[in-house]
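[1] Let me see the structure of the following:
(chains A and B)
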2 protein chains.
Amino acid sequence: MADLTIAVDANGADLGPAEVAAGAALAAAQGVRVLLFGPAAEIGEVPEGVTVVDAPVSIAKAADPARAARSTPDASIVLAAKAVAAGEADALVSGGSTGAALAAGLFNIKRGRGIHRPALAIPVPIPGHPVTLLDVGANAEARPEHLVQFAFMGAVLATAVLGVERPRVGLLSNGTEATRGTQTVLDAHAQLTERMAGATALEFVGNIEGTDITNGSVDVVVTDGFTGNVSLKLMEGVSKVLLGAVRDAAMSSGRAKAGGLLLKPALGGLRDELDPEAHGGAYLLGLRRLGVVPHGRFSRRGFSQAILLAARGARGDLVGSTHAALEAAGALKRSPAGETPARPEAPAAPTGEASSVSSS
Amino acid sequence: MADLTIAVDANGADLGPAEVAAGAALAAAQGVRVLLFGPAAEIGEVPEGVTVVDAPVSIAKAADPARAARSTPDASIVLAAKAVAAGEADALVSGGSTGAALAAGLFNIKRGRGIHRPALAIPVPIPGHPVTLLDVGANAEARPEHLVQFAFMGAVLATAVLGVERPRVGLLSNGTEATRGTQTVLDAHAQLTERMAGATALEFVGNIEGTDITNGSVDVVVTDGFTGNVSLKLMEGVSKVLLGAVRDAAMSSGRAKAGGLLLKPALGGLRDELDPEAHGGAYLLGLRRLGVVPHGRFSRRGFSQAILLAARGARGDLVGSTHAALEAAGALKRSPAGETPARPEAPAAPTGEASSVSSS
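    Residues are numbered from 1 along each chain as shown, chains lettered A, B, ... in the order given. Just a heads-up that it's a prediction; the model follows:
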C-alpha cells in the first residue's frame, strides 16, 4: 500500500491527538503514507511515513457540526477533507464528530456523481461470518432510491474489501415476506428486485428480519440510518451485557471460577474477534473519495486499523467500482431534464448526523 | 388468580393444539381458568380448570390474516376473541399468527376508548434488569401521538406487571440528543416532554440509543413496530450467536473443554434467564381487554407462562390503569368535533402485522 496516502484528522479522539498520531505511526509502519492534520504541538515527534500538518482548530465538539464545517475553513477535519479533494490524499479518516466528517466531506470532497446520499457502512464482526451493515447513521431517514444505492454500495464493499464473491444482499424489515415493512421498505423491495434481476455480481435475497443479521444468511444488510444505527449499537450492547453475564457466571462459585480460568484463553479469542478496534470502524461511502470513521474512543490500534481500512478501500477502488455497479444497474441519479450536467451538485442535506448540512 | 379466565387459541402453535392444551393444564394447576378454543378431537382429555370449546377452523396460516379474521367467524382465534369481548374471559392468548390475533382483537374486542393504535409490548429478559420494549410489531409505522401512547402503555405495564415503581421511559433514536432522530421521533420527543412533565408515576429520560436498551438506564423503550421488531429479533440473534460462540470456544481445546464442563451449571442459569419461553411472550395492548402473544414455537411451558402473563396483566388491571394514565396526561385521542361519542370506533388499519385490517 506504499503508493497510498491517507489524510487523517487527529482532533476529536477521546485519547487525544498524540494517540491518533501513534496510530498513524503503526499504519505507516505497514507502508501507508499518512497526512496528519492536528495540533503539531501536541503531536510532537512523528516517524517516517507520517507528515504532520499543523491544524490546531477542532470542530469535533461543535453543537452544529454542519455549520461549523462551513464556517471554520481552518478546522483540521476541513483541511483534511480539502487535501483529499485536491488529490493530495486518497481517503479521509476522522475519529471526531461523524457529523463534522460527513459535512466536511460533502462540502469539500463532494458527493459522487449520481449518488443521492452518502452512507456509513460497517463490516460487523459476527463470529464466523462478518456482515456489512449500512446505513449506520449518515441519514436518519431514507427514500427507496437511497436504499437501492446503499445495497449496491454495500455489495461492492463486501466484494472489494471482504472478498465475498457474490454477496447476498438483504433488505432489513419486520418480517421476511415482501409484503412486510414500511411503505419505504416495500418500494425499495420492488426497486431492488428490478435493479438486481440478472445481476451476476450480487444476489438480492429480499426482506430479512433482525435474526438474519447474525445468522449468516446474508453478507450485506441494507437499512436506513436510524434503524442501522440502533441495530449497530444494540449489537454492541447485547454483546457487552452477555459477555459480562458469562463473566459473572464464571465468578458465581468455586467450581465456576475454576472453569472460567480454564476457558479464559479460548474466550479471549472471541473477545478479540468482537473487538471493534480490530476492525477500524465504518466506511463513509458516496463521496468522490473514500472516508473511514473510527470510533472516537479507539486507541492507537483502532486508529491504525482505520487507516489501513481506508487504504484497503482506496486500493480496491471502492468508489469507482460502486459507480460502475450503480451505472450498470441503472441506479444512478439522473440529472433533472434541462439541467446542465456539468453544474456542480449541491451537497445533500442528510438528516440526523448532520441535520443542517446544506449547500455552501 | 382463581377468579380469572383466559381465552386461549389452541391453533397455530408449531407443536400443535395438544401442546397448547398441555400448557393450559399447567396454568390451570396454578389456579387460572382456561377457555381453550381448538380442535377437540386433537386435544383429547383435559384437566380441571380447562374448558375446551370445539373450534377446529384455523386461520393461523392465512396469507391475509385480517381478511381471514373478518370472513371466518368460526375460526378459533375469532371465537376466542368474541368470548373475551363478551366478558366470558378476561384476556386473550394466541400463539398463531400475530396478524390474525391483532385483527380478531380489533374486530371483536375493539380498540380501547381514546387509543390510536394497539401495540405489542414485550418484557425483554436482559440479565439483571428486564426492560419493556414496545411496539415490537403491531404497526410498522407510527405517528408521534402513537409513540406517546405507547410510552404510557409501557410504563403502566412496567409498574403493574414488573413492579417497577417509577419507570424510566426512553425514546429510541440514533443518538441521545433531543435533536437526533426522524421527524416522527423529534415530534414524539417534544410531545412526551410536555405530556410527562410533572408526572410522578414515571419519568421521561429523553432519547436513548441502541446500547441503552441493554445497559439498565431505562425500564421502558418506546419505538415504532418496525424498529422494535428488528431490535427484538436482533437481540435474539446476537444472544444465539454469542452463546454459540462461547460453546464453540469451550470445545476448542482439552483445557477449554474442562473449563466448559465446570462452568456449565452457572451458564445454564444464564441460558434459562434468557429463554423466551420463561417469559411468556408479548402483551397486546390497546384493546378493551388484554391479549398475550406467545411465540408459535413455544412448548407447553411457554404457553403456560403466556397464560399466567395474561392473568397477571388482567389482575393488575393493565387496561384500566393505562386508560387512567393516558387520561391524566391528556394523551387520549379526542373524538373529532361533531362526532357522536357513542358511535362505535372503526378499528385502525395497522400496517405490517395486519396490513389490511379495516373496519368490518
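
[2] State the pLDDT value of A:Ala201.
    For A:Ala201, the pLDDT comes out at 88.

[3] Please verify my assumption that it contacts A:Phe152.
    No: between A:Ala201 and A:Phe152 there is no contact under Cβ atoms under 8 Å: 9.3 Å. Backbone N, C-alpha and C define where each C-beta goes, glycine included.

[4] out of these two, which sits in the more crowded spot?
    A:Phe152 (30 against 17; other Cβ atoms under 10 Å in any protein chain shown).

[5] Following the record's annotation, map out the domains of chain A.
    Residue ranges for the domains of chain A, per automatic domain parsing: A:1-115+A:286-360, A:126-277.

[6] Can you say which of those is nearest to chain B?
    domain A:126-277 (2.9 Å; Cβ to the nearest Cβ).

[7] before we move on, back to that, hey, least reliable of the domains of chain A by pLDDT?
    domain A:1-115+A:286-360 (a mean of 87).

[8] and B:Gly181, which of the domains of chain A is closest to it?
    Closest of the domains of chain A to B:Gly181 is domain A:126-277, at 5.9 Å (criterion: Cβ to Cβ).

[9] what about the closest one, how long is it end to end?
    End-to-end distance for domain A:126-277: 14 Å, by Cα to Cα, to the nearest Å.

[10] what do you get for stretch A:36-56?
    OK, stretch A:36-56 end separation, Cα to Cα: 11 Å.

[11] What residues of it count as buried?
    Neighbour counts over stretch A:36-56 (16 or more other Cβ atoms under 10 Å in any protein chain shown) mark A:36-40, A:43, A:46, A:49-50, A:52-53, A:55-56 as buried.

[12] Output those as CSV; include the columns secondary structure.
    Formatted as CSV, these follow (DSSP: H, G, I helix; E, B strand; the rest coil):
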residue, secondary structure
A:Leu36, strand
A:Phe37, strand
A:Gly38, strand
A:Pro39, coil
A:Ala40, helix
A:Ile43, helix
A:Val46, coil
A:Gly49, coil
A:Val50, strand
A:Val52, strand
A:Val53, strand
A:Ala55, coil
A:Pro56, coil
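
[13] all helices of chain A, in order?
    Taking DSSP state H, the helices of chain A run over residues A:17-29, A:40-43, A:65-71, A:76-85, A:98-104, A:144-160, A:183-195, A:225-249, A:254-274, A:300-315, A:318-328.

[14] From A:Ala10, how far out is A:Ala41?
    12 Å (Cβ to Cβ, to the nearest Å).

[15] again but with A:Ala21, I slipped
    A:Ala21 is 6 Å from A:Ala10, by Cβ to Cβ.

[16] of those two, who's got more company?
    Taking A:Ala21 and A:Ala10 together and counting by other Cβ under 10 Å, A:Ala10 has the greater number of neighbours (34 against 27).

[17] Contact partners for the residue nearest to that one when sequence neighbours are not counted?
    With Cβ to Cβ, 6 or more residues apart in numbering or on different chains as the criterion, A:Ala10 has its nearest non-adjacent residue at 2.7 Å, and that residue is A:Gly38. If you count contacts by Cβ atoms under 8 Å, 6 or more residues apart in numbering or on different chains, A:Gly38 has them with A:9-11, A:17, A:20-21, A:52-56, A:76.

[18] Just list whatever residues bridge to A:Gly38.
    Counting by DSSP bridges, A:Gly38 is bridged to A:Asp54.

[19] Tell me which residue of chain A is furthest from the middle?
    A:Gly254 (43.8 Å; Cα atoms, centre = their mean).

[20] I'd like the distance between that one and B:Leu262.
    Separation of A:Gly254 from B:Leu262 (Cβ to Cβ): 9 Å.

[21] repeat for A:Gln149
    51 Å.

[22] quick one: which of those two has more around it?
    Neighbours were counted for A:Gln149 and for B:Leu262 using other Cβ under 10 Å; A:Gln149 has more, 29 against 22.

[23] Stretch A:127-145 spans what distance, first to last residue?
    With Cα to Cα as the measure, stretch A:127-145 spans 31 Å from end to end.

[24] Wondering if it reaches chain B at all.
    Yes: on the criterion Cβ under 8 Å from any Cβ of the partner chain, stretch A:127-145 is in touch with chain B at A:127-128, A:137, A:140-141.

[25] next one: stretch A:88-102
    No: for a cut-off given as Cβ under 8 Å from any Cβ, stretch A:88-102 has no contacts with chain B; the smallest distance is 9.5 Å.

[26] Now that stretch - C-alpha only, PDB.
    Output in PDB follows, covering the C-alpha atoms of stretch A:88-102 (Å, rounded to 0.1, in the frame of the first residue of the first chain):
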ATOM      1  CA  GLU A  88      -3.100  15.000  -2.100                       C
ATOM      2  CA  ALA A  89      -4.600  12.000  -0.300                       C
ATOM      3  CA  ASP A  90      -6.600   9.000  -1.400                       C
ATOM      4  CA  ALA A  91      -9.000   8.800   1.500                       C
ATOM      5  CA  LEU A  92     -10.100  10.600   4.700                       C
ATOM      6  CA  VAL A  93     -10.000   9.200   8.300                       C
ATOM      7  CA  SER A  94     -11.600  11.000  11.300                       C
ATOM      8  CA  GLY A  95     -12.500   9.800  14.700                       C
ATOM      9  CA  GLY A  96     -14.000  13.100  15.700                       C
ATOM     10  CA  SER A  97     -17.700  14.000  15.200                       C
ATOM     11  CA  THR A  98     -19.200  11.900  12.400                       C
ATOM     12  CA  GLY A  99     -21.500  14.800  11.500                       C
ATOM     13  CA  ALA A 100     -18.500  17.100  11.100                       C
ATOM     14  CA  ALA A 101     -16.700  14.500   8.900                       C
ATOM     15  CA  LEU A 102     -19.800  14.000   6.800                       C
END
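
[27] The spatially closest residue to A:Ala7 that is not a sequence neighbour: how many residues sit nearby?
    If the residues on either side of it in the chain are set aside, A:Ala7 comes closest to A:Ala89, at 3.6 Å by Cβ to Cβ, 6+ apart. The tally of other residues near A:Ala89 (other Cβ under 10 Å) stands at 25.

[28] so who does the spatially closest residue to A:Gly44 that is not a sequence neighbour touch?
    Closest residue to A:Gly44 apart from its sequence neighbours, by Cβ to Cβ, 6+ apart: A:Ala18 at 6.8 Å. Residues in contact with A:Ala18, defined by Cβ under 8 Å, 6+ apart, are A:42-44.

[29] Repeat the analysis, applying 10 Å as the threshold.
    By Cβ atoms under 10 Å, 6 or more residues apart in numbering or on different chains, the residues touching A:Ala18 are A:10, A:38-39, A:42-46, A:300.

[30] Redo those residues as a markdown table? Include distance to B:Leu232.
    Shown next, in a markdown table, are those (distance: Cβ to Cβ, whole Å):
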| residue | distance to B:Leu232 |
| --- | --- |
| A:Ala10 | 40 |
| A:Gly38 | 42 |
| A:Pro39 | 45 |
| A:Glu42 | 45 |
| A:Ile43 | 46 |
| A:Gly44 | 49 |
| A:Glu45 | 51 |
| A:Val46 | 48 |
| A:Arg300 | 37 |
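
[31] give me every residue that touches the residue farthest from the centre of chain A.
    Contact partners of A:Gly254, counting by Cβ under 10 Å, 6+ apart, are B:Leu262.

[32] returning to that earlier point: which among the domains of chain A is found nearest to B:Ser321?
    Nearest of these to B:Ser321, taken as Cβ to Cβ: domain A:126-277 at 28.1 Å.

[33] sorry, back to before: could you check how far the residue nearest to A:Gly44 is from B:Ile208?
    Using Cβ to Cβ, A:Ala18 is found at 33 Å from B:Ile208.
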